[in-house]
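J.: I would like to see how this sequence folds:
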Amino acid sequence: MSTEDTSAAAAAAKPAPQLNIRAQITRALTFTNPGALKRYEKTPTIAVNINVDASKGGENDYIVGLKIDANAKSDAEEVYSLSLDYAGVFNLTNVDPKMLEPILLVECPRLLFPFARRIIADITRDGGYQPMMLDPVDFVALYRRELDRRQAAQTADATVN
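T.: Down below sits the predicted model:
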């Protein structure tokens, strides 16, 4: 048996990685609506901020949070603001440790996003406005920015020391 055959057999014998969603929850939701019942001549300007976090929840369980903040303003007047902290409990098995962080910070939020998007659309519609339909989020780009931020922080720390 060649080394190539041995490698293929070892790869075939290794169990496939699995990602299972155990639960999804709204950890916190606030909607402030000072512009209720007012008429605005202009469409409000909306600023959206999205953050992702992950923590260990058990042996193979991880809690991944998706935090979305949005503020709508018309001229200098606040129309509404919302903050959603939506989370999922994910069970990961047979995952290469090098792939754990990208799965937690890219794939898991990608699975949570449509549900968080719906909650935001519903709450803004129920607040008396057009539903806020968030555009799809490039979680790979967010993850790369986080890696760049970490690298810059390490470089700054190395420079100081």
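J.: ok, and what's touching the top helix by length along the chain?
T.: When the chain is parsed with DSSP state H, its longest helix is helix 139-160. Here helix 139-160 makes contact (Cβ atoms under 8 Å, 6 or more residues apart in numbering) with Ile50, Val52, Pro102, Leu105, Val106, Glu107, Pro109, Arg110, Phe113. Heads up, the C-betas are built off the backbone N, CA and C, glycines and all.
J.: excluding sequence neighbours, find me the nearest residue to the fourth one.
T.: The one in question is Leu105. The spatially closest residue to Leu105, leaving aside those adjacent along the chain, is Tyr143, at 4.9 Å (Cβ to Cβ, 6 or more residues apart in numbering).
J.: how close does that neighbour get to Pro131?
T.: Computed as Cβ to Cβ, to the nearest Å, the Tyr143 to Pro131 distance reads 28 Å.
J.: same check, this time on Arg150
T.: 36 Å.
J.: helices of the chain, residue ranges please.
T.: Counting by DSSP H, the helices of the chain are 3-13, 97-102, 108-126, 139-160.
J.: and Met133, what are its phi and psi?
T.: phi -100, psi 100 (degrees, to the nearest 10).
J.: tell me how far it lies from Asp85.
T.: If you go by Cβ to Cβ, the gap between Met133 and Asp85 works out to 20 Å.
J.: who's more crowded, the two?
T.: Asp85 (18 against 11; other Cβ atoms under 10 Å).
J.: pretty sure that one is touching Gly65, no?
T.: Yes. Using Cβ atoms under 8 Å as the test, Asp85 is close enough to Gly65 to be in contact (6.1 Å).
J.: report the longest strand in this protein, please.
T.: strand 77-93 (DSSP state E).
J.: what about the protein, any weak spots by pLDDT?
T.: By pLDDT under 70, the low-scoring segments of the chain are 1-12, 161.
J.: burial of the residue nearest to Leu105, as a residue count?
T.: Based on other Cβ under 10 Å, the number of other residues close to Tyr143 is 17.
J.: that one and Ser83, how far apart?
T.: From Tyr143 across to Ser83, the span is 22 Å (Cβ to Cβ).
J.: burial of Gly88, as a residue count?
T.: Neighbours of Gly88 (other Cβ under 10 Å): 21.
J.: bridging residues for it?
T.: Gln24, Val64 (DSSP bridges).
J.: that one: what's it in contact with?
T.: Contacts for Gly88 (Cβ under 8 Å, 6+ apart) come out as Ile21, Arg22, Ala23, Gln24, Ile25, Ile63, Val64, Cys108, Leu111, Leu112.
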